[in-house]
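J.: Here is my input, please return the structure:
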Amino acid sequence: MNLDHRDLNRDLDIFATDPLAGSGLPLWLPDGAVVFAELERLAADLARADGCVPVKTPVLGKRALFERSGHWAKFADDMFPPMRLGSGPEGESEDELVLRPANCPHHALVYRARQHSYRELPIRLHELAPMFRAERSGVLSGLSRVRQINLDDTHVFCRPDQVAEEAGRALLSALKAQQILGLRVDYVRLSLRDDSASYLGSAEQWRGAEDALRKAASEAGAEVVEAPGAAAFYGPKLDLQVIDPRGHEETIATVQVDFNQPERFDLTYDAADGSRQRVVMVHRGTVGSMERVTAAVLERYQGRLPLWLAPVQLAVLPVSSAQDEAARALVDALIAEGLRPRLGHGGSLGARIRDSRRRREPLIAVIGASEAEVGEVQVRDVAAGLERRLSVAGLVAAMKKAYASRAGEVSW
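T.: Next up is the predicted model:
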């Protein structure tokens, strides 16, 4: 039976909740912080490979910012109430500040901080940033439904003729992320508008954006299912859909075309003919939200994460105190290479091995008298069901390679 990530967490200590902090606001424990950091590093590496540049923006904004973006009109019920800061020195009302429900308005402000030439485009701004949703208590669930979402978020500002290429680039990057994570993508959904009046932008804009996404998906070799009525209010999107073991369907990553934000914030570039033209914004979520992806990988691997993602990559277990020095030397060598070992002593060897298995640690290294004498270890690769004797140098090299390549398995 597959366990839910909340059940797995009882053994793994990835996150905690506390009523004093509030529902839907998980506390990342030390091992969870390692997983978060590795996912953040993956997101940054993929963004850098696609020519994205990092930015940092505040989690708060004036209410006027989200009125301008359209989020206030569409999502006010899902946003936290404005914070009023009181009256100014002359009795005038101070600004109302709001926890942001999305990161795109701030990135729009970063883009428009200076004017751009057509020759600079596309400009790709990346940030792993928190945003907030006032979810009702009844729908909150572990890490999969929370009130603070830490999202791998990139916004591309490009010319209209670059939209298909940028959407394709984003889709390939999102598919690569899921492949590295070992997460199955059941299908790619092309989310389109329907005939309702709830969408922003002209029919012509929508047709052009939908055609660009079709082209991007086709060139990426993705099988697409079209879904009228599933689009965001500001533009169509490509969603990577996953169906979990309970039959629930989730969007794990997305690529969205947005012509609404550029109009609302007057985002332009200087064209070759000297005119001022409107950019198109492409939203790309590659890895996804740290919370939802962590829940997904915990359930996918039933807690025994691949070595690159595991909080503890190797349990080092000396048979007796006589091997403590050799065990400590191995731990120090691994730490020096940026790896994450755990030295386990106290109690019988059998109990310590069972404890490591309960923690779902991917590798167990046992050092007895014969191993210590010749500088070797007895290694168990739990997921692969392998056990072998290796030199300390061989173990360190195999772990370094698996970690650096984010391999799903260690190559022995």
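J.: Show me what whichever strand or helix holds E263 is packed up against.
T.: Following DSSP states H and E, the helix or strand that holds E263 is helix 260-264. Helices and strands touching helix 260-264, by 3 or more C-beta pairs under 8 Å, 6 or more residues apart in numbering; DSSP states H and E, are helix 63-69, helix 104-111, strand 280-285. Heads up, the C-betas are built off the backbone N, CA and C, glycines and all.
J.: Any chance of TSV for the ones you listed, columns mean neighbour count?
T.: Shown next, in TSV, are the helices and strands packed on helix 260-264 (neighbours: other C-beta atoms under 10 Å):
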stretch	mean neighbour count
helix 63-69	18
helix 104-111	22
strand 280-285	26
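J.: Nearest to S23 among the ones you listed would be which one?
T.: Minimum separation from S23 across the helices and strands packed on helix 260-264 (C-beta to C-beta) falls at helix 63-69, 23.6 Å.
J.: mean confidence for the closest one?
T.: Average pLDDT, helix 63-69: 94.
J.: send the alpha carbons of that helix over as PDB?
T.: In PDB, the C-alpha atoms belonging to helix 63-69 read as follows (Å, rounded to 0.1, in the frame of the first residue of the first chain):
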ATOM      1  CA  ARG A  63      -3.400  47.000  -3.000                       C
ATOM      2  CA  ALA A  64      -3.100  49.300  -6.000                       C
ATOM      3  CA  LEU A  65      -0.500  47.000  -7.500                       C
ATOM      4  CA  PHE A  66      -2.900  44.100  -7.600                       C
ATOM      5  CA  GLU A  67      -5.800  46.300  -8.700                       C
ATOM      6  CA  ARG A  68      -3.600  47.200 -11.700                       C
ATOM      7  CA  SER A  69      -2.600  43.600 -12.400                       C
END
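J.: so how far is it from its chain's centroid?
T.: In this view, helix 63-69 has its centroid 26 Å away from the chain centroid, taken as C-alpha atoms, centre = their mean, to the nearest Å.
J.: Mind checking what helix or strand follows that helix in sequence?
T.: Per DSSP H and E, the first helix or strand lying C-terminal to helix 63-69 is helix 71-75.
J.: Can you list the buried residues in that next one?
T.: 71-72, 74-75 (16 or more other C-beta atoms under 10 Å).
J.: Then stretch 385-399?
T.: 390, 392, 395-396, 398-399.
J.: per-residue confidence averaged over stretch 280-293?
T.: The pLDDT scores in stretch 280-293 average 93.
J.: Just the C-alphas of that stretch, formatted as CSV.
T.: Only the C-alpha atoms of stretch 280-293 are listed here, as CSV (Å, rounded to 0.1, in the frame of the first residue of the first chain):
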residue,chain,number,x,y,z
VAL,A,280,4.3,39.5,-24.5
MET,A,281,4.8,37.8,-21.1
VAL,A,282,5.3,34.1,-20.8
HIS,A,283,5.0,32.6,-17.3
ARG,A,284,7.0,29.4,-16.8
GLY,A,285,6.9,27.2,-13.7
THR,A,286,9.6,24.5,-14.3
VAL,A,287,10.0,22.6,-11.1
GLY,A,288,6.8,23.9,-9.5
SER,A,289,6.0,24.7,-5.9
MET,A,290,8.4,23.4,-3.3
GLU,A,291,5.5,22.1,-1.2
ARG,A,292,3.6,20.2,-3.8
VAL,A,293,6.7,18.8,-5.4
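J.: coming back round to it: sort out which one of the buried residues of stretch 385-399 lies nearest G142 for me.
T.: Minimum distance to G142 across the buried residues of stretch 385-399 is 30.3 Å, recorded for M399 (C-beta to C-beta).
J.: How about the contacts made by the closest one?
T.: 307, 313-314, 334, 337, 339, 363, 410 (C-beta atoms under 8 Å, 6 or more residues apart in numbering).
J.: helix/strand/coil for it?
T.: helix (DSSP: H, G, I helix; E, B strand; the rest coil).
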